[in-house]
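1. What would the 3D arrangement of this be:
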Amino acid sequence: MSPHTDFRVVLIEDEKLFRDLLCHALEQTGQVRCLGAYGTSEAVLASDHLDRAEVALLDIDLGGEDGITLGRQLRERYPNLGIVLLSNHAHLAFARELIAANLTGWAYLLKKSVQDVQTVLRAIEGVRRGQVVLDPQLAQGLPGGSRAAPLTPRQLELWSLITQGYSNSAMAQRLNLSPKWIENALGGLYAALGIDTRDPQVNARVAAALLYAREAGGAHLTVVNDRRS
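-> Numbers count the residues shown, from 1 in each chain. The predicted structure follows:
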């Protein structure tokens, strides 16, 4: 984790037991402060905790309410607020508008992955930095698009880890490789993906994660085309 180890979050989840357990688990890490936990969109929108929150974790299905729409509303009110979407659905159909709009600072996690607190912490830290983070299950299937075809197995692995929110140092530790090797390898990956790292307007990690979301397919990751585009 980065030196910033006191992330301020709000949680919007209609299942009270899950909501309470997640808040407790996050606060037990000593790296997160759960400012408030809410069961409906109306409750969180009326809250004054949003003024201080850095990240909102929210269920995409709030007892019939659309969590994606709520996420967009929160982002419109608070442009720097990171959004972590929690879902029971192992595909990205619900996030198609976010992908099509190139929205940054959001994550899509499966609820069953929340029991791994490190996965949630990576997502929180990633969206706080404006990145795009996908659940490990969604980022482990091989993308089926043309961008993936020329990549080596190692490049595909690095692409997956970027999309899961791993930092360079975390990748080096996980793969037992030097940070310098990772840095050089990522440069080759970005070049292979056609990402111009010389452009100051381009965040290579975000661009790579969005490309992964668009390109990936198969049983666990389905991106539905936005009919308006």
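2. Now do the strands in the chain.
-> For the chain, the strands defined by DSSP state E occupy 7-12, 32-38, 55-59, 61-62, 65-66, 82-87, 106-110, 132-134.
3. Show me which helix runs longest in the protein.
-> As assigned by DSSP state H, the longest helix anywhere in the chain is helix 179-193.
4. Can I get the strands of the chain in JSON lines including mean neighbour count?
-> Where you see a C-beta, it was placed from the backbone N, CA and C, and this is true even at glycine. Converted to JSON lines, the strands of the chain look like this (neighbours: other Cβ atoms under 10 Å):
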{"stretch": "strand 7-12", "mean neighbour count": "23"}
{"stretch": "strand 32-38", "mean neighbour count": "20"}
{"stretch": "strand 55-59", "mean neighbour count": "25"}
{"stretch": "strand 61-62", "mean neighbour count": "18"}
{"stretch": "strand 65-66", "mean neighbour count": "15"}
{"stretch": "strand 82-87", "mean neighbour count": "25"}
{"stretch": "strand 106-110", "mean neighbour count": "25"}
{"stretch": "strand 132-134", "mean neighbour count": "29"}
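5. one step back: contacts for the longest helix of the chain, please.
-> 147, 150-151, 154-155, 158-159, 162, 168-169, 171-172, 175, 197, 204, 207-208, 211 (Cβ atoms under 8 Å, 6 or more residues apart in numbering).
6. change it to 10 Å
-> Helix 179-193 is contacted from outside by 147-148, 150-152, 154-159, 161-162, 166-175, 177-178, 195-197, 202, 204-205, 207-208, 211-212, 215, using Cβ atoms under 10 Å, 6 or more residues apart in numbering.
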